[in-house]
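In: pasted the sequence and its predicted model underneath.
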Amino acid sequence: MLTIHVADAVSLAGHKDVRAVVVDAGLIVEMGPYDAMTAARPQARVRTWPGLLVPGLRHPQAVDLLESAYHPDPREADELGTEPLTGDALAALELDDKRLGGSARRGLQRMLGHGVTAVTGPFSRPPVRTAVARSGLRVREPVPVRATEGVTLDPLRILPLSALLDGGLSVGAPADFAVFDVPVDEPPAQALRLHGAGTCVATVLGGRLVYRRA
């Protein structure tokens, strides 16, 4: 469906007047000022988001998050909490393939909620590979990352924004992007570093709205 995504600002160098990204058939077909884009396509669905629209992020810790961590089911929150379990807490669980696959699906959904549209592989465990393939997330080659204490769902705590952007915003490119509710009067890298990827309000992957904040 022809859709126009409108944000307070779009991270596009040299084009401060761009606030709208037009998507059709999974691709970006045009970008420009809100009034011009909506006037040219009155039949399009318009989705309006607060904050900054940027290319989707690539998560460099995806293998560890999906294969060496457990993402509790909401029904397990009273017993296990809501954060990924690793180390001794993970070792105490009995994870068969079914349970691991469910954990991977929940982990992927939480990544989408942090503006992630691509993950670095490779994935060795079949339930995880299946979950990743079904999610539609792009799979990229691994990249070197600095050592961190444990794993995190927020890729901005691992690498700077410039090292996490998976592709760019351009006409003809796949419509993979995210919107973060951060101040738009600050440089994008600074705003996202200070406020984190948990400020994500929407993630679009291949033109599909795969996450929106409730």
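Out: Okay, I see it. For clarity, every value in this text was computed on a predicted model and none was experimentally measured. Numbering: from 1, shown residues only.
In: for stretch 117-131, buried residues please.
Out: 117-120, 123, 125, 127-129, 131 (16 or more other Cβ atoms under 10 Å). C-beta here means a position set from N, CA and C on the backbone, and glycine is covered the same way.
In: for stretch 82-101, that is, sorry about that
Out: Here stretch 82-101 shows 84-85, 100-101 as buried, counting by 16+ other Cβ under 10 Å.
In: can you tell me which of the residues you listed is closest to residue 196?
Out: Set against residue 196, the nearest of these by Cβ to Cβ is residue 84 (16.1 Å).
In: could you point out which residue ranges in the protein have low pLDDT?
Out: Regions of the chain meeting the criterion pLDDT under 70 cover residues 13-14, 146-149.
In: hey, where'd the helices end up in it?
Out: Using DSSP state H, the helices found in the chain span residues 34-40, 62-67, 77-80, 87-91, 97-112, 126-135, 161-164, 188-195.
In: okay, these, which one's buried deepest?
Out: helix 62-67 (a mean of 22; mean count of other Cβ atoms under 10 Å).
In: contact partners of that helix?
Out: Contact with helix 62-67 is made by 59, 84, 103-104, 107-108, 111, 119-125, 128, 131-132, 142, 151, 153, as judged by Cβ atoms under 8 Å, 6 or more residues apart in numbering.
In: which strand residues bridge the closest residue to residue 93 other than its chain neighbours?
Out: Sequence neighbours aside, residue 70 is the residue nearest to residue 93 in space, at 5.8 Å (criterion: Cβ to Cβ, 6 or more residues apart in numbering). Under DSSP bridges, the beta-bridge partners of residue 70 are residue 85.
In: make sure residue 110 is actually in contact with residue 74.
Out: No - Residue 110 lies out of contact with residue 74 (Cβ atoms under 8 Å); the separation is 11.5 Å.
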